[in-house]
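Trainee: coordinates for the following, if possible.
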Amino acid sequence: METRWCQLRNVIQSTALDVLGRARRQHQDWFDGNDAEISNLLTEKNVLHKVYMDLRTNATIAAFFRCRCLVRQRLRKMQDAWMIRKAEGIQGYVDRNEMKHFFKAIYNPCIKGTAPLLSCDGTTLLTEKSQILKHWVEHFRSLLNCSSAISDAVIDRLPQVDTNHDLNLPPSLLETHRAAQQISSAKAPGSDAILPEV
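Mentor: Predicted coordinates for the structure are as follows:
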């Protein structure tokens, strides 16, 4: 029976892969929507750079640096315009109280893996995952286990507040029922503006 399920799974997966293909991730970067224009700008700059390197005259130098300056300005404008559109879209989600879309918009796909890290002495580049984890263990151990510089006399001078034992009581059935009714199906915050996940 197990082999039949495996065969069915394999057939479904291979058919879906043949028909639909692999899903492509959409990166949310400012240059994705402007690829053609950016390519044209960079091609023009590269042509002028080649001319400038081959024939160094005042005219080629001026043309190259003028073009490079304009390319930088245009790229900055494209990036700023994309950032403004992105911020307006996110603000629209907040204004409409669409928290699901809000969080989806602000969290870009995360890159899995580990980045290389310098050792404590700054001489060795740590690339192995075990070395990096060991480095962080040492770092947090030294950070969290250091001796306190605050004297006990200072702590004793802090004002003391009486313990409120009512906060330790479990919520009543009525309070629990009211809290459950306030959570909407889309998990948007209620009238208190606190997210239900909190």
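Trainee: CA atoms for contacts and neighbours, from now on please.
Mentor: OK.
Trainee: distance-wise, check the residue lying farthest from the centre of the chain relative to A63.
Mentor: Ranked by distance from the centre of the chain (Cα atoms, centre = their mean), the top residue is T57, with 46.5 Å. Distance, T57 to A63, by Cα to Cα, to the nearest Å: 10 Å.
Trainee: and for T127?
Mentor: To A63, T127 is 44 Å away according to Cα to Cα.
Trainee: of those two, who's got more company?
Mentor: Higher neighbour count among T127 and A63: A63, with 17 against 13, using other Cα atoms under 10 Å.
Trainee: and the more buried one, what is it in contact with?
Mentor: L48 (Cα atoms under 8 Å, 6 or more residues apart in numbering).
Trainee: hmm, try it at 10 Å
Mentor: Residues counted as contacts of A63 (Cα atoms under 10 Å, 6 or more residues apart in numbering) are 45, 48-49, 51-52, 57, 69.
Trainee: surely it is within a helix?
Mentor: Yes: checked against DSSP: H, G, I helix; E, B strand; the rest coil, A63 lies within a helix.
Trainee: pLDDT wise, what is it at?
Mentor: For A63, the model assigns a pLDDT of 91.
Trainee: please tell me how far W5 sits from L20.
Mentor: Counting by Cα to Cα - W5 and L20 are separated by 22 Å.
Trainee: what ranges does this structure have for its helices?
Mentor: Ranges of helices within the chain are 2-20, 35-54, 58-95, 99-106, 129-144, 152-156, 173-182, based on DSSP state H.
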